[in-house]
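[1] Give me a 3D structure for the following:
(one chain, ligands or ions: 3)
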Amino acid sequence: NAANDATGTGKGVLGDTKTFDVTYSGGYYYLDGTSRGIEIATYDAKHVPYYSPNLPGTLIRSSSTTFSDPAAVDAHAYAERVYDYYKNTFGRNSYDNKGAPIISSVHVGNKWNNAAWIGTQMVYGDGDGTTFRTLSGGLDVIGHELTHAVTQSTADLIYQGESGALNESISDIFGAMIDSDDWDIGEDVYTPGIAGDALRSMSDPTKYGDPDNYANRYTGPDDNGGVHTNSGINNKAAYLMAQGGSAYGVQVSGIGRAKTANIYYRALNYYLYSSSNFSSMRQAAIQAATDLYGANSAEVNTVKNAYSAVGVY
Ligand SMILES: O=C(NO)[C@]12CC[C@H](CC1)C2
Ligand SMILES: [Ca+2]
Ligand SMILES: [Zn+2]
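    Ligands and ions are numbered 1, 2, ... in the order given. Predicted coordinates for the structure are as follows:
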C-alpha cells in the first residue's frame, strides 16, 4: 500500500543513475512498485534458461534504497518508462489494457545474447559481453519486448512469415517511439566494443542486411520465415511516414513521430488481425489514418506513399 511505497535509486548498465518505485517491507526494499496502480516487479533468474519453470526467480531486494545490480535497475526503470508511454500516449493501462502486472527477470540463461516476452513476462540475458552487453540496458529493447505483449493482447499477429515480420516491426516501431532519440534498435547494448552500430536500422534497414523493399524480402525458412529481417520493409515504411524521404523513386512527406505512432496503435487495435500480411498492413494503416485525419488528408497520402516506396500495395 502507499505507506510502504518508496523511491529506489541505482546505476544502470551505462553507468547513469536513475530512480524508480520500490516497496519497503520487513527491513528490505523490494523491486516491486505499485504506485502507478499496477504492479511492476523485477526478479533475478539466477541464470535459469528462458523456458525454466523456476521463472521469474527471486524478487530483487536491498537493505537500503540503493540497488547495485545495473541489469535490474534498467529492467525495472525502463519497464516504468514503457508503462508510462502507453498510459500517457494512448490511455492504455499495461499491455492488456486491464492493469496486468509487468514482471521482468534479469540474468536469464548463461551469457544469453537475447531478450524476449515469453507470453507471461519479460526475460533478459546478460549477453556475452562481445555481441551484447546485458540486454535490459536498451530502452528500445524493453519497449520492443513489452510491445510484443501489447500485440499479443490485440492483433496477436502470428509469429511467422509476413504476419511475424509485422509483429517484429510493430515492436521495433514502438521501441523506437519510446527510445525516441534515434531510428536504430539495440544500439545501447549491441557490440559494446564497437561504437555507432546497432542491431537494426529503421532509417536504412539495408545497413545491417535487412530489406527495405517488398521485392527484396526473404522467403526462406530461417527465423520463422525471416521475421527479424523482413521487419525492415515495414520499419522503412514507418520511418518514411514519420520523417519523410524518398525510396525507390517515391517521395514521402513526413507527418512526424506522434501521428505515425497514433496510426500504428489504431491499426494494431482495430484493423490488424493474426494473419495480416504486408498488403493488409497497408490497408490497415490507410484506414487508421482515415479515421484519425480524414480520407483526403495529407496523413493518408503519406501512408499511401510510404507503403508504395517500399513496394507494398
Ligand atoms: O528482436 C528481438 N527479439 O524479437 C531482439 C533480439 C535482440 C534484441 C532483444 C530481442 C532485439
Ligand atoms: Ca534506439
Ligand atoms: Zn521481437
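[2] quick check, stretch 143-156 touching ligand 2?
    No - applying CB under 5 Å from the ion, one finds stretch 143-156 separated from ligand 2 by no less than 8.8 Å. Where you see a C-beta, it was placed from the backbone N, CA and C, and this is true even at glycine.
[3] List the buried residues of that stretch.
    Neighbour-count burial for stretch 143-156 flags 143-155 (criterion: 16 or more other CB atoms under 10 Å).
[4] Can you flag which of these belong to strands?
    Judged by DSSP state E, those include no members of strands.
[5] Take those residues and write them to a markdown table, including pLDDT.
    Shown next, in a markdown table, are these (pLDDT from 0 to 100):
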| residue | pLDDT |
| --- | --- |
| G143 | 98 |
| H144 | 98 |
| E145 | 98 |
| L146 | 98 |
| T147 | 98 |
| H148 | 98 |
| A149 | 98 |
| V150 | 98 |
| T151 | 98 |
| Q152 | 98 |
| S153 | 98 |
| T154 | 98 |
| A155 | 98 |
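[6] closest to ligand 1 among those residues?
    H144 (5.6 Å; CB to the nearest ligand atom).
[7] which stretches of the stretch 1-150 of the chain form helices?
    For the stretch 1-150 of the chain, applying DSSP state H, counting those that start in this stretch gives helices covering 70-90, 139-153.
[8] The first one - contacts with which helices or strands?
    In terms of contacts (3 or more CB pairs under 8 Å, 6 or more residues apart in numbering; DSSP states H and E), helix 70-90 is packed against strand 5-11, strand 17-25, strand 40-44, strand 102-106, strand 122-124, helix 139-153, helix 161-178, helix 257-266.
[9] Next, the buried residues of it.
    Buried, per 16+ other CB under 10 Å, within helix 70-90: 70-83, 85-87.
[10] For it, what does the pLDDT average out to?
    In this model, helix 70-90 carries a mean pLDDT of 98.
[11] Which single residue of this structure approaches ligand 2 most closely?
    The minimum distance from the chain to ligand 2, using CB to the ion, falls at D140 (3.8 Å).
[12] So that residue is in contact with G186, correct?
    Yes - at 6.6 Å, D140 counts as touching G186 under the criterion of CB atoms under 8 Å.
[13] D181 in helix, strand or coil?
    coil (DSSP: H, G, I helix; E, B strand; the rest coil).
[14] Need the helices of the stretch 1-150 of the chain in a markdown table (columns: distance to Y307).
    Shown next, in a markdown table, are those (distance: least, CB to CB, whole Å):
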| stretch | distance to Y307 |
| --- | --- |
| helix 70-90 | 23 |
| helix 139-153 | 20 |
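[15] Which residues of the protein lie near ligand 1?
    Remark: the part of the chain in contact with ligand 1 comprises N114, A115, L135, V141, H144, E168, G186, L199, H228, using CB under 6 Å from any ligand atom.
[16] what's near enough to touch the third one?
    Meaning L135. N113, N114, A115, Y124, G125, D126, G127, V141, V189 (CB atoms under 8 Å, 6 or more residues apart in numbering).
[17] Next: G164.
    L157, I158, N224, G225, V227.
[18] hmm, back to that, okay, now the residue of the chain closest to ligand 2: neighbour count?
    Neighbour count for D140, taken as other CB atoms under 10 Å: 29.
[19] what residues are up against G254?
    By CB under 8 Å, 6+ apart, the neighbours of G254 are L240, M241, A242, Q243, G244, G245, T302.
[20] The same query, at a cut-off of 10 Å, please.
    Y239, L240, M241, A242, Q243, G244, G245, T260, T302, A306 (CB atoms under 10 Å, 6 or more residues apart in numbering).
[21] nearest residue to it other than its sequence neighbours?
    Distance criterion CB to CB, 6 or more residues apart in numbering; nearest residue to G254, sequence neighbours excluded, is G244 at 3.0 Å.
[22] what's around that neighbour, how many residues?
    Counted with other CB under 10 Å, G244 comes out at 16.
[23] Could you do D128 as well?
    If we define neighbours as other CB under 10 Å, then D128 has 12 of them.
[24] Spatially nearest residue to it (excluding sequence neighbours)?
    K111 (4.2 Å).
[25] Not counting sequence-adjacent ones, nearest residue to Q121?
    I103 (3.9 Å).
[26] Was I right to think that neighbour contacts T42?
    Yes - between I103 and T42 there is a contact under CB atoms under 10 Å: 7.9 Å.
[27] I appreciate the help and will end here.
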